[in-house]
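Undergrad: could you work out the structure for the sequence below:
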Amino acid sequence: MPALGQASDRWEIPVAVKTLDNGLTVVVSPDDSAPVVGVSVVYRVGMRQEPRNRTGFAHLFEHLMFEGTPKAGEGVFDKVITSGGGRNNGSTRPDFTNYIEVAPASALEPILWLEADRMTTLDFNERTLKNQQDVVKEEIRVNVKNQPYGGFMWLDINQQAFQKWENNHDGYGSFEDLEGATVEDVAAFHRDYYGPNNAVLSIAGDLTAEEGFALAEKYFGGIAARPTPARPDVSEPINTGEKRITQPDALAQVPALAVGWKIAERGSPDHAPTAVLAEVLAGGDASRAYQGLVKGREMAINGQYLFGLTSPWEFDGPTLLTFFALYKPQFTADQLLAALDEEIARIAEEGVGDEELARVKTRMLADWNNGMESFLGRADTLARLQAIWGDAAVANQIPGWIDAVDSQDLQRVARTYLTAQNRTVIDRKPAAMLEAAANAAGQE
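TA: Residues are numbered from 1 along each chain as shown. Here you go, the predicted structure:
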């Protein structure tokens, strides 16, 4: 990324970082504007690191982290935090798993005690494992199997686009793999990936950096570091031939298209321009895709983009920029692709005007700052950036990276990555449409 000076009016987020003797990285962002704290604990393990015969295990384990420990039994974690006026959650991503809390500043020490307690050990038992296996399977039924489109724009497209198992397997997991998980698997996963040396603790809000570091030492300093398996080599080049499939969807009413392109590595000169290009192409009603495909040609019903399951700044391996749209049944996927290609070609050949680019950057910077205003959002973002980049202060560089992108950068990235050769396409059609087409073909 380019080295950039900070604009005089740019918000500089306070970031203090310290590593404890056991390897735990602690990030503190002091802000006394409200008597509130946000806490995030991020572990450097996600879907890419789960065992090969245990798809969905990283997500299953996230659920198990809320099932109690020998010292704080089942339900205690939630009860302590909510009774103190706070809330908590967790999520699993390709390269990390995060656990978050926000509460009055007076509740900080109980939160840290609870997080340190479950970092130390869990209550590994058959009952809670079976319970969460059932919960996760029901989540899959609700969100994937019984949902129109079923997350195909991130689940299925990865399976088609990537070569390596770490990148292309189903992060939700198969029922067979989920049911095959044992208590021994759970204990080994906690031992291998949930040690302090594989984690980041981030606190944002009403405390000083010195207070945050002292509390981290008090509650986490006594947890011994544990050996962590080497991260697999997940690198892949961009694709050199289009990959394309058609899928039936028994629940969908209209067809949908997902187009995914492999993007540049994190931190490369093409990284920030890709994030800006995504906004130009499909970021809202003023985007090229909306104006050209929804309003102009009236082919698509909507259009949006995603970077898999994460943000454009929080990945540590091969990732897709995916365009997703519902489209009108009287059109074909080929027609929609051709129209999308025209919009991309216009960017590649003509660039983006100053006014449009400034508008896109303003929106991106506003979204970034809004996300960092809440103590919870700030603590979690800083923890994720520390885990992914090894530097939470990247939070103060990202706005400059966005600001530095020019039209030539967008042209270069569009020509390099948003090509037919590098794309993976899934045309998801209502099953009735495919059946009718097959019957018509059979009668010819």
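Undergrad: center of the protein - which residue?
TA: In the chain, the C-alpha nearest the mean C-alpha coordinate belongs to T310, at 1.7 Å (C-alpha atoms, centre = their mean).
Undergrad: that residue contacts S91, doesn't it?
TA: No: assessed by C-beta atoms under 8 Å, T310 is found out of contact with S91, at 9.8 Å. Quick note: C-beta positions are derived from backbone N, CA and C, even for glycine.
Undergrad: distance check, the residue nearest to the residue nearest to the centre of the chain when sequence neighbours are not counted against F315.
TA: With C-beta to C-beta, 6 or more residues apart in numbering as the criterion, T310 has its nearest non-adjacent residue at 5.1 Å, and that residue is R93. Using C-beta to C-beta, to the nearest Å, R93 is found at 8 Å from F315.
Undergrad: who are the neighbours in contact with W261?
TA: I238, L320, L321, T322, Y417, L418, T419, N422, R423, T424 (C-beta atoms under 8 Å, 6 or more residues apart in numbering).
Undergrad: 10 Å - rerun?
TA: Residues near W261 by C-beta atoms under 10 Å, 6 or more residues apart in numbering: 161, 238-239, 274, 319-323, 344, 413-414, 416-424.
Undergrad: how near is it to T25?
TA: Counting by C-beta to C-beta, the gap from W261 to T25 is 33 Å.
Undergrad: ditto for G400
TA: 23 Å.
Undergrad: the more surrounded of those two?
TA: Taking neighbours as other C-beta atoms under 10 Å, G400 and T25 compare with T25 leading, 23 against 18.
Undergrad: how many neighbouring residues does the closest residue in space to the more buried one that isn't next to it in sequence have?
TA: Nearest residue to T25, sequence neighbours excluded (C-beta to C-beta, 6+ apart): V200, at 4.7 Å. By other C-beta under 10 Å, the residues close to V200 number 27.
Undergrad: helix, strand, or coil at V200?
TA: Per DSSP: H, G, I helix; E, B strand; the rest coil, the local secondary structure of V200 is strand.
Undergrad: wait, it sits on R384?
TA: Yes: counting by C-beta atoms under 10 Å, V200 does reach R384; the two are 8.1 Å apart.
Undergrad: any residues in contact with both of these two?
TA: With C-beta under 10 Å, 6+ apart as the test, V200 and R384 both reach S40, V42, F96, N98, A392.
Undergrad: thought the second one was touching F96?
TA: Yes: judged on C-beta under 10 Å, V42 makes contact with F96 at a distance of 5.2 Å.
Undergrad: could you check which of these two has the larger neighbour count?
TA: Neighbours per residue, other C-beta under 10 Å: of V42 and F96, the larger number sits with V42, 30 against 26.
Undergrad: which helix or strand lies directly C-terminal to the strand or helix carrying the more buried one?
TA: In the assignment (DSSP states H and E), V42 maps to strand 36-43. On the C-terminal side of strand 36-43, the closest following helix or strand by DSSP H and E is helix 57-64.
Undergrad: by contact count, what packs against the helix or strand just after that next one?
TA: As assigned by DSSP H and E, the chain's next helix or strand after helix 57-64 is helix 76-83. Counting contacts by 3 or more C-beta pairs under 10 Å, 6 or more residues apart in numbering; DSSP states H and E, helix 76-83 packs against strand 87-92, strand 97-104, helix 108-120.
Undergrad: that older thread, who touches both of R93 and F315?
TA: Going by C-beta under 10 Å, 6+ apart, residues that sit against R93 and also against F315 are G46, R48, G308, L309, I388.
Undergrad: wait, the last one touches P312, no?
TA: Put plainly, it is I388. No: using C-beta under 10 Å, I388 and P312 do not qualify as a contacting pair, with a distance of 11.6 Å.
Undergrad: between these two, what contacts are shared?
TA: With C-beta under 10 Å, 6+ apart as the test, I388 and P312 both reach R266.
Undergrad: can you put the helices and strands packed on helix 76-83 in TSV and add mean pLDDT, distance to V254 and mean neighbour count?
TA: Shown next, in TSV, are the helices and strands packed on helix 76-83 (pLDDT from 0 to 100; distance: least, C-beta to C-beta, whole Å; neighbours: other C-beta atoms under 10 Å):
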stretch	mean pLDDT	distance to V254	mean neighbour count
strand 87-92	98	29	17
strand 97-104	98	35	23
helix 108-120	98	44	20
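Undergrad: can I get these in JSON lines with distance to E166?
TA: Compiled in JSON lines, these are given as follows (distance: least, C-beta to C-beta, whole Å):
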{"stretch": "strand 87-92", "distance to E166": "14"}
{"stretch": "strand 97-104", "distance to E166": "15"}
{"stretch": "helix 108-120", "distance to E166": "25"}
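Undergrad: how about the ones you listed, which one is nearest A278?
TA: strand 87-92 (21.2 Å; C-beta to C-beta).
Undergrad: which strands and helices lie in contact with the closest one?
TA: Against strand 87-92 (3+ C-beta pairs under 10 Å, 6+ apart) you get strand 36-43, helix 57-64, helix 76-83, strand 97-104, helix 108-120, helix 375-389.
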